Each structure stands twice: as structure tokens, then as C-alpha cells.
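Enquirer: Okay, predicted coordinates and the sequence, questions at the end:
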Amino acid sequence: MKLSDNHILQADLDALMSDDSISWDKLKGKSVFVTGATGLIGGQVVLALLNANAEKNLGMKIYAMVRNVEKADKLFGYADKNVLSYVVQDVMSEVNLSEKVDYIIHGASMTSSKDFVDFPVETIKTAIGGTENILKFAKEKDISGMVYLSSLEIYGVVDFSIEKVYENMSGVIDCMSVRSSYSEGKRMVECLCASYASEYGIPVTVARLCQTFGPGVLYSDNRVFAQFARSIIEGKDIVLKTDGSTERNYCYIRDAVSAILTILLDGNSGEAYNVANKDTLISIRGMAEMLIENYPESGTKLVFDIAEDITKLGYNPKVKMNLATDKLEALGWKAQVGLEEMFRNLIISMKM
């Protein structure tokens, strides 16, 4: 089923149909509620569900929580309106939906690093207050499953000697830094999810996502991967405000969508799962150098302009974060797309 004019995104949606790690049959005749539905990941989750519904004749009903109907219409213009319905509201308000809901994917969140610094109170309130509204809604609807989209940032700064970061580990977060509004908020929400699972029996799981990208990233996106891709496209130098020594994993959006649905349908209630491509561990500097080498025609060079105080820019402290994905892989999931292909698809998509 055609759902996007972006041929790379459409190919990704079609590829998910043959993904054996997703228990599509569990969604037959079910209703799924998605928050943050016009965000990068939430939007592609909705598109994947719409595609599966049409291709596999699942008879689903999908509810997308959105704040901007015009933005939603642009993203879901090809959607079957008999299958997809908008719930137009902010996540900070009590959910206004009387229909039956079987599954919830909760992705609504503040996402801009600069906003974490400029609006730390709102970042915390959206995380905790918004998620409590969704958990109350889940309890009321007696759902079959829920997944909360968390972040690798809940780990904070772990010891650089640690080779792999597993779900039961925890690093240091400076709670007196306003940049921690996001990571501390995510930590508290994970505990809230585990608490609802324990006290009320709500079947809620957590997906701890690393930085995720691919088709659908806006040209104006200010995250490091988008900045680098723009530099290649425009033939401009990549300018680093740090020494670029931070190391972490990345994940392609299609792989992340697959992981989210796998965790939703087959994950264990009250537990968290790392979501990353374990083969993509690389430093910021190494990633810049890889792109410059792969796209020599751009004439892009690497330039350092070290910022005096990186926290004011919304940057994280220096970290080495190699997420272990053994737990997720035990559910049958495996990342399919490597870093070079991720950037190739991102750059082509951003040029459209």
C-alpha cells in the first residue's frame, strides 16, 4: 500500500511486512493508540501499522494523538481514514477517547536538546505528567500491552572502562544540571511505568532507544547526524564544538520501529530493552571522518570550534555508550541496516 511519496520510506515500510520478529497476528482485530504520532518515530510506527493492516488484512483500528491536524494530514495523507483516527489534544490533558484500546505506544516527549536547557520545567512536566495521563488511560482501558519510548540518556555517564551497557546498569546524572531535565525525567517515568506494572498489573514495557535516524528526518533537524548530512549535501565543512570523542550506537528508523513493535507484543511487562545497532558504535569525530571519506565530492572538511560551555548548547557530557542488545535479540529481533546505509538513505531522503 502506498503511504509515502518518499520511495526510501515506502521501501522500509514494505520491508517490515516480512520482518519475522514482529508478531503481526497478535494485532488482528485490535486497536492501537499512538502518542507523539507526528514525531519522527511515532509517525513511522503509525505508517507501519497502516501498511501492515492493509497488506495483512489485520482489521485494526489506529488512534493517533496529534496536536497539529495539518501536520498529521501531510504525514498521513494516503491513510485509510476508516482505519486511522486522530485524537487531537496535548498529552498533558486527560485522554479524550471513549473507544476500546488494546495496545498503546507512548512516544510523546520533548525532543530538542536545546529545549531541555531552555525549558527544563516543561521537559520534566511533559515526561512525568504526560506519561501518568497515558498510564491512567491504560489502566482504565484494561489494555493488552503498552511500550514507553525511553532513551539511552537514562544511563547518564557510565565508566569509560565498561565495554557494554546492559539494562540493569546505571551511570551518574548530575541532577543539579538543567540539561538533566530530560534524562532524569525519563528515569522517573521508567520507574513510574514499572510501578504501574507492579501495583496495578498494567502490561507496560520500556524501549530504550539510542539516536535513531533515516528517511523522514527534517532538513532543519539540529541533531548531529542531520547537521553532518546537511554539510555533505551543501558542501560545507563539518564544525565540531567538542573534541568529538563521545562514542555511542545508532539505529535506523525501520529497525527501531521493528524493535518497538517486538517489545510491545512480546516483551516482558515491567522490563526495559535497549534498542540499538550494536555494530554502529563510533565516536562523533569518527562519524564525521567516515562521511568525509565516503563523500569526497562534497569537498567537506572537519573543523573544530570548541565551545567554552557545551551545556549551554544542550550537549551531553562526554560519554562512551555501547548498548548491549542481547535482551532484545532474545525476542527474535536483529538490526538490519548499518551506519553507512543509514547515512546514504538519510542524505537521499533529505535531498527530496
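Expert: Received it, and whenever you're ready, just let me know what you need. Not measured: the values here are computed from a predicted model.

Enquirer: my guess is Lys320 meets Thr246, correct?
Expert: Yes. Using Cβ atoms under 8 Å, Lys320 is in contact with Thr246, at 7.4 Å. Where C-beta positions appear, they are placed from N, C-alpha and C, glycine not excepted.

Enquirer: Where does pLDDT dip in this structure?
Expert: Residues of the chain meeting the criterion pLDDT under 70: 307-317.

Enquirer: how close does the residue nearest the centre of it sit to Thr242?
Expert: For the chain, the residue nearest the mean C-alpha position is Ile41 (5.0 Å; Cα atoms, centre = their mean). For Ile41, the distance to Thr242 equals 26 Å [Cβ to Cβ, to the nearest Å].

Enquirer: ok, now Tyr182?
Expert: 18 Å.

Enquirer: Looking at the two, which one has more neighbours?
Expert: Neighbour count, other Cβ atoms under 10 Å: between Tyr182 and Thr242, Tyr182 has more, with 28 against 18.

Enquirer: Tell me the helix or strand right after the strand or helix carrying the more buried one.
Expert: Using DSSP states H and E, Tyr182 falls within helix 180-200. For helix 180-200, the following helix or strand on the C-terminal side (DSSP H and E) is strand 204-209.

Enquirer: now that next one against helix 180-200, angle please.
Expert: Using axes from the mean of the first three to the mean of the last three Cα atoms, to 10 degrees, the direction of strand 204-209 lies 150 degrees away from that of helix 180-200.

Enquirer: partners of strand 204-209 in the sheet?
Expert: Strands that pair with strand 204-209, judged by DSSP bridges, come out as strand 145-151 (parallel), strand 272-275 (parallel).

Enquirer: Run a quick neighbour tally on the closest residue to Ser183 other than its chain neighbours.
Expert: The shortest distance from Ser183 to any non-neighbouring residue, by Cβ to Cβ, 6 or more residues apart in numbering, is to Glu153 (4.1 Å). Glu153 sits with 25 neighbouring residues when counted by other Cβ under 10 Å.

Enquirer: Verify the stated contact: Glu153 with Tyr182.
Expert: Yes. The criterion here is Cβ under 8 Å, and Glu153 meets it with Tyr182 at 6.1 Å.

Enquirer: hey, where'd the helices end up in the stretch 251-352 of the chain?
Expert: Remark: helices assigned in the stretch 251-352 of the chain by DSSP state H, counting those that start in this stretch are 253-266, 284-294, 326-329, 339-351.

Enquirer: so can I have TSV of the ones you listed showing mean neighbour count and distance to Ala54?
Expert: TSV is the format used below for the helices of the stretch 251-352 of the chain (neighbours: other Cβ atoms under 10 Å; distance: least, Cβ to Cβ, whole Å):
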stretch	mean neighbour count	distance to Ala54
helix 253-266	25	16
helix 284-294	17	36
helix 326-329	18	27
helix 339-351	18	23
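
Enquirer: Thanks a lot, see you next time.
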